[in-house]
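Visitor: Quick check, what structure comes out for this input:
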Amino acid sequence: MANIAKIQTLLNDTAKAIRIKYGIPNIAGVIVRDNGATTMNTIQGVKNSNLSETAAGNQMTASDYFNVGSISKPITGFLLACLIKKGILTWDTTIEEVFPEFKSKVFRDKHGMNDLFLKVKVYELMAHVSGMNGAQFYPDYNVATNPDAQNRDTDPFRFPQDQGLTAGGNSRDPEWMTNASLLYQRYLFTVLSMKKKKYLYNSAQNMGYQNQASSGYGATVTICTAMAERKTGKVWEQLMDEVLAGPLQGLFNIKFGNLTNGAQFHSFNSNTNKFVPNTSMDTSLMPFSSKFPTGGIHCTVGGIAQYIRYNLPAIDYSQIFDVQQYHQTVTTAAKGGLAVSGDQFWHTGATSSSLAAIRIYANAGRGVAVMMNCGPQGSNAGTAEFELLEKLEEIHKNWDTI
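Guide: Predicted structure coming up:
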């Protein structure tokens with residue numbers, strides 16, 4: 001029989017040693033086993049590296065949130081699956097069904113849109129196989145490596161978030177801090193995405209995803225949220241809050257916006273070889289980031305553990321969503337947005353100032369996850385992340401002999 005006390009000590013000691021080894025501000029690990037009946041975690045480190053480790057309230061705790069980066073995409077897919085269960089959308093709902101104005105050639109010509117993506121379905125957007133270039137609309141003047149850069153740079157409807165207008169410090173910031181602005185931005189992103197040419201799934205030119213750029217592959221998730229907004233007349237933030245306040249109430253500790261309770265994102269300062277708080281990622285505009293469904297969701301250790309549990313078919317969550325549909329394989333991704341590799345559903349997440357990874361062995365009734373509010377650029381944070389992930393797998397394997 002497993003010695004839970006010894007396992008907890010091993011979890012804590014392992015995570016602490018990795019944190020010290022790589023000089024990272026914080027790290028958390030989660031193990032879910034036995035079809036969700038057993039959940040254990042470890043949380044090591046501080047909320048703010050500028051403060052002393054012994055400063056009051058500076059230790060990360062089970063109630064604090066970690067940003068999960070692109071794991072936000074399959075989590076958004078799960079929330080979308082909850083709305084599908086309610087009949088608001090289906091996995092096969094098309095863009096033109098939700099936005100009938102797009103079917104008008106006059107409308108498309110007026111806005112420079114094409115007709116290539118009218119019949120793209122929700123699951124294709126979630127699984128990154130739509131052929132739609134989900135890259136963000138950053139200016140890129142290297143036309144040789146980014147052929148559509150010229151048109152994008154001169155487009156008067158360039159996405160405002162990607163111009164930095166919603167990054168904070170602008171005198172007109174209050175205009176963006178409204179639900180109406182969020183609805184507008186997601187609709188605008190949908191229109192802009194339908195101006196681009198179509199890329200072939202699994203092409204050597206596009207990294208195996210639907211776009212040839214190095215970022216934004218999952219930004220098409222934003223279009224799914226825009227579709228839900230059009231169908232309901234409610235902003236996605238409200239829909240998300242309603243789902244979390246319904247049958248998920250008190251179970252799924254996730255949020256968007258600021259990290260809260262003094263927790264900070266951390267970036268690596270190569271001059272000092274230390275992590276420092278990245279205050280640009282924790283502004284008053286954070287709750288109004290229209291693309292947060294692609295990378296701006298935060299989880300507690302309990303929240304990420306519950307997400308793993310929702311993916312275990314042995315538990316009956318049929319009143320909330322259909323896990324079989326959510327897991328249905330499209331190519332190397334499931335309809336709900338998780339990547340698929342053999343018997344493993346997985347995803348990773350990274351911003352410049354946070355990291356996360358998750359592995360779910362649905363049929364085996366288990367999973368592991370690692371999160372940290374510090375980023376990989378110029379540091380060994382990514383190495384630390386996967387070292388702890390492998391240690392969690394090892395602890396699971398040796399569970400009964402520890």
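Visitor: For the rest of this, base every contact and every neighbour count on C-alpha atoms.
Guide: Fine.
Visitor: Once you drop chain neighbours, what's closest to Asn269?
Guide: Once flanking residues are discounted, Asn269 sits nearest to Phe275: 5.9 Å by CA to CA, 6 or more residues apart in numbering.
Visitor: With Asn179 instead?
Guide: Excluding the flanking residues, the one nearest Asn179 by CA to CA, 6+ apart is Val235, at 6.3 Å.
Visitor: pretty sure the one you found is touching Ser181, no?
Guide: No: taking contacts as CA atoms under 8 Å, Val235 lies outside contact range of Ser181: 9.7 Å.
Visitor: quick one, which of those two is more surrounded?
Guide: Counted by other CA atoms under 10 Å, Val235 and Ser181 do not tie: Val235 has more neighbours, with 20 against 17.
Visitor: Give me the pLDDT value at the more buried one.
Guide: On the pLDDT scale, Val235 is placed at 98.
Visitor: Look up how far Arg366 lies from the closest residue in space to Ala2 that isn't next to it in sequence.
Guide: Nearest residue to Ala2 in three dimensions, chain neighbours excluded: Asp400, at 4.4 Å (CA to CA, 6+ apart). Noted for Asp400: a distance of 15 Å to Arg366, by CA to CA, to the nearest Å.
Visitor: Looking at the two, which one has more neighbours?
Guide: Ranked by neighbour count (other CA under 10 Å), Asp400 and Arg366 place Arg366 first, with 24 against 12.
Visitor: what separates the residue nearest to Ala2 from Met1, distance-wise?
Guide: 6 Å.
Visitor: again with Pro247
Guide: Per CA to CA, Pro247 is found 34 Å from Met1.
Visitor: Likewise for Val340?
Guide: Val340 sits at a distance of 32 Å from Met1 (criterion: CA to CA).
Visitor: more crowded one of these two?
Guide: For the pair Val340 and Met1, the greater number of neighbours falls to Val340 (20 against 7), based on other CA under 10 Å.
Visitor: Could I get the phi/psi values of that one?
Guide: Main-chain dihedrals, Val340, degrees, to the nearest 10: phi -120, psi 130.
Visitor: same deal with Asn380?
Guide: Taking degrees, to the nearest 10 as the convention, Asn380 sits at phi -100, psi 20.
Visitor: Quick check, it in contact with Lys21.
Guide: No: taking CA under 8 Å as the definition, Asn380 is not a contact partner of Lys21, at 9.7 Å.
Visitor: what helix or strand does the residue positioned nearest the centre of the chain sit in?
Guide: In the chain, the residue lying closest to the centroid (CA atoms, centre = their mean) is Ser72, at 1.8 Å. Taking DSSP states H and E as the criterion, the element that holds Ser72 is helix 72-85.
Visitor: hmm, who's touching that helix?
Guide: Residues outside helix 72-85 that contact it (CA atoms under 8 Å, 6 or more residues apart in numbering): 89-91, 126, 218, 221, 225, 240, 243, 292-298, 307, 320-322, 326, 336-338, 349.
Visitor: Could you pick out which of the residues you listed are located in strands?
Guide: Mapping the contacts of helix 72-85 onto strands (DSSP state E) picks out His298, Gly349.
Visitor: Name the residue in Asn380 and Lys21 with the higher neighbour count.
Guide: Asn380 (15 against 11).
Visitor: now the helices: where do they sit in the stretch 51-200 of the chain?
Guide: Counting by DSSP state H, counting those that start in this stretch, the stretch 51-200 of the chain has helices at residues 72-85, 95-98, 105-111, 122-126, 149-154, 173-176, 179-193.
Visitor: Of all those, which one is nearest Leu11?
Guide: helix 72-85 (25.4 Å; CA to CA).
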